[in-house]
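In: For reference, the sequence and a predicted model appear below.
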Amino acid sequence: MNRWYKSKSLVLAWVFTFLLLGLVVSIEYRSSASDVSSEGLQGINEPTYKQYKVVTTPLEIKDFPSPVGGKPIRNVGNYYSKNLGNYFFHAGVDYALAEGTVIRATHGGTVIFAGIDPTLGQKVTLDCSEGWLVTYGGLDNLRVREGEVIETQGALGQIGFYPGLVVGENNPTQLHYEVRYHGQVQSPL
């Protein structure tokens, strides 16, 4: 009988040890699992993450500054063409620049058009999100393709000579910079 009592005590001790060990492993597992889910938040544990709020402000016209220095030769609005004897609406700002000047994006976005335009020569149009589109015309040697994501100050191309739609006008090589918000022309100046 003494033998039976000793083996029963030994079994209970082992069962208790295994239960205790299982409890410790379970607690460690749950602790490490919560650390792994916090790593999904880029290595920030949850209490610290809740202290910071991601604030995004909507884009405004001021977020699209002039792509080049200098005074524009034509602004947004109506202008009179002496050669054609009529008024035309100009949807962008034109800057006279030396041929070969590298043009960089004023705001990052996705290239939705990169190619020849009948009035602007080679142009690049970026979708900057939230309804903002930016077009750069009068370019040559394009450095981007449709579908590419371009960051702010990413090179788009160089200024090239293209006479454009207004035949007979003596226009210098120029950049046409156009900003639209939900299809409406905006004046970046």
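Out: Happy to help now that I have it. Numbering: from 1, shown residues only.
In: what does the domain assignment say about the protein?
Out: The record assigns the chain these domain ranges, following automatic domain parsing: 2-51, 61-186.
In: May I see the ones you listed organised as a markdown table, with mean pLDDT and mean neighbour count added?
Out: In short, each C-beta sits where N, CA and C put it, glycine included. As requested, these are exported to a markdown table (pLDDT from 0 to 100; neighbours: other C-beta atoms under 10 Å):
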| stretch | mean pLDDT | mean neighbour count |
| --- | --- | --- |
| domain 2-51 | 59 | 10 |
| domain 61-186 | 87 | 16 |
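In: who does the one helix or strand E178 maps to pair up with?
Out: Element membership of E178, judged by DSSP states H and E, is strand 174-181. Based on DSSP bridges, the pairing partners of strand 174-181 within the sheet are strand 93-96 (antiparallel), strand 132-140 (antiparallel), strand 184-186 (antiparallel).
In: how far out from the middle of the chain is the last one?
Out: I take that to be strand 184-186. Its chain's C-alpha centre lies 20 Å from the corresponding centre of strand 184-186 when counted by C-alpha atoms, centre = their mean, to the nearest Å.
In: Kindly report the same for the second one.
Out: In terms of C-alpha atoms, centre = their mean, the centre of strand 132-140 is found 16 Å from the chain centre.
In: Name the next helix or strand downstream of it, please.
Out: Past strand 132-140, the next helix or strand by DSSP H and E is strand 149-150.
In: after that following strand comes which helix or strand?
Out: Using DSSP H and E, the first helix or strand after strand 149-150 is strand 155-159.
In: Between strand 155-159 and the strand holding E178, find me the angle.
Out: 140 degrees (axes from the mean of the first three to the mean of the last three C-alpha atoms, to 10 degrees).
In: what's in contact with strand 174-181?
Out: 61, 64, 66-68, 73, 91-97, 101, 103, 106, 120, 123, 131-139, 159, 185-188 (C-beta atoms under 8 Å, 6 or more residues apart in numbering).
In: and with 7 Å instead?
Out: 61, 64, 67-68, 73, 91-97, 103, 120, 131-138, 159, 186, 188 (C-beta atoms under 7 Å, 6 or more residues apart in numbering).
In: Any chance you could give me it in PDB, C-alpha atoms only?
Out: The C-alpha trace of strand 174-181 is given here as PDB (Å, rounded to 0.1, in the frame of the first residue of the first chain):
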ATOM      1  CA  GLN A 174       8.700  76.900 -73.200                       C
ATOM      2  CA  LEU A 175       7.200  74.700 -70.500                       C
ATOM      3  CA  HIS A 176       3.400  74.600 -70.300                       C
ATOM      4  CA  TYR A 177       2.400  73.800 -66.700                       C
ATOM      5  CA  GLU A 178      -1.300  73.000 -66.100                       C
ATOM      6  CA  VAL A 179      -3.000  72.100 -62.800                       C
ATOM      7  CA  ARG A 180      -6.600  70.800 -62.600                       C
ATOM      8  CA  TYR A 181      -8.700  69.800 -59.700                       C
END
